[in-house]
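>>> the amino acid sequence is not available; the structure is as follows:
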């Protein structure tokens, strides 16, 4: 919980659509900023207005997808090819603190929204520019394209089929990078009064998040493949086990202590003396056989008994829950934000997940 709105008085212009840019705008709005979202009148506004589930009403001007990353904003329809609209947008930017822009570079230059042009009309402006790919690469950068181009789809799913990440994670990662950049730029502006130009591509945000998978290759030449839920460095980690009442749990046995306690709990203490399973590296090599042994014991236990015992022994396991169960939990319900957009009731989860008290 934020005790107050720390960005109250900050004015943000959002010239962005789809997910990454609007997610940044929503984050700033949650923190108290005034956010004005400018949409392209010629093509019906943000394209996600039309990204509807088959069950959504066709005659409603927004979608659940659009609502997920638009909250606390004012909305304006403008045509930048129209001289009056163009001037109004530039006037808004001249008085703004932050501009979020994910237009193509050529379009930004055409409309005087490039960094050099904007610096002339507002030296204090923090100009946050999102692109799909780094540098001058003009390839269209939708999230799943980046999942493919930066290796994620080569590591998700199974050997039979790739699996798309169930949320637009690359957009989310790029949004986090841009949020950090904007907050840093606001901090620096307090020191010297100068604005900043921040650029971030989905490609670089995605690459920076490859984390241990990237380092496995850079240090050991190991190329990660499709392993489902499994972890290339740890076992049993990512293995899914099923209890007697057919509830599924994922294992996250990250230390030798976890493994020892887990084996003792399941009555498999003999595995600790078996060379195939005695240490983590051998368990990674022999994980298929290990999984079968663990499953044979877990299948004798009810889910409540299994989960309670693991929790008491500090053995990390997670019950695989459906979204309806997740979103009716007390924590999730406490994160729901509601408002009307164009007189239509909407709901989404807040993007500010940290708590700050002073």
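Done, it's in. Here the structure is a predicted model, which means the values were calculated and not measured.
>>> just the terminal-to-terminal distance for stretch 238-248.
End-to-end distance of stretch 238-248 (C-alpha to C-alpha, to the nearest Å): 12 Å.
>>> same question, stretch 152-160
End-to-end distance for stretch 152-160: 16 Å, by C-alpha to C-alpha.
>>> tell me who's in contact with residue 223.
Residue 223 makes contact with residue 217, according to C-beta atoms under 8 Å, 6 or more residues apart in numbering. From N, CA and C alone the C-beta is placed, and that goes for glycine too.
>>> before we move on, what SS does it have?
coil (DSSP: H, G, I helix; E, B strand; the rest coil).
>>> cool, residue 197 as well?
Quick answer, by three-state DSSP: residue 197 is strand.
>>> what's the burial count for it?
Residue 197 has 17 neighbours, counted by other C-beta atoms under 10 Å.
>>> the closest residue to it other than its chain neighbours and residue 198, how far apart?
Spatial nearest neighbour of residue 197, excluding adjacent residues (C-beta to C-beta, 6 or more residues apart in numbering): residue 115 at 4.2 Å. For residue 115, the distance to residue 198 equals 10 Å [C-beta to C-beta, to the nearest Å].
>>> shared neighbours of these two, which are they?
By C-beta under 8 Å, 6+ apart, the residues touching both residue 115 and residue 198 are 127, 129.
>>> point out where the stretch 1-150 of the chain drops to low pLDDT.
Applying pLDDT under 70 to the stretch 1-150 of the chain flags the ranges 1-3.
>>> all helices of it, in order?
20-30, 64-68, 83-94, 105-110, 115-121, 143-149 (DSSP state H, counting those that start in this stretch).
>>> sorry, back to before: the residue nearest to residue 197 contacts residue 127, doesn't it?
Yes - contact criterion C-beta atoms under 8 Å: residue 115 and residue 127 qualify, at 5.7 Å.
>>> could you list the domains of the chain?
The chain breaks down by automatic domain parsing into domains covering 11-209+332-349, 237-320.
>>> can you give me the end-to-end span of the first one?
Its start and end residues considered, domain 11-209+332-349 measures 23 Å (C-alpha to C-alpha).
>>> cool, the last one as well?
The stretch domain 237-320 measures 14 Å between its terminal residues, going by C-alpha to C-alpha.
>>> average pLDDT across it?
Mean pLDDT, domain 237-320: 97.
>>> more neighbours, residue 115 and residue 127?
Just comparing residue 115 and residue 127: by other C-beta under 10 Å the higher neighbour count belongs to residue 127, 25 against 18.
>>> distance check, the more buried one against residue 91.
Distance, residue 127 to residue 91, using C-beta to C-beta: 16 Å.
>>> got it, and residue 305?
Residue 305 is 66 Å from residue 91, by C-beta to C-beta.
>>> then residue 233?
From residue 233 to residue 91 the distance is 55 Å (C-beta to C-beta).
>>> these two - which one has more neighbours?
A count of neighbours by other C-beta under 10 Å puts residue 233 above the other of residue 233 and residue 91, at 14 against 11.
>>> doesn't residue 212 make contact with the more buried one?
Yes - using C-beta under 8 Å, residue 233 is in contact with residue 212, at 7.0 Å.
>>> tell me the contacts of residue 19?
48, 69, 143, 168, 171-172, 175.
>>> likewise for residue 218?
Neighbours of residue 218 in contact, by C-beta under 8 Å, 6+ apart: none.
>>> ok so it is a strand residue?
No - using three-state DSSP, the assignment for residue 218 is helix, not a strand.
>>> residue 129: neighbour count?
Residue 129 is flanked by 24 other residues according to other C-beta under 10 Å.
>>> how far away is it from residue 51?
Residue 129 sits at a distance of 23 Å from residue 51 (criterion: C-beta to C-beta).
>>> swap in residue 269?
Using C-beta to C-beta, residue 269 is found at 53 Å from residue 51.
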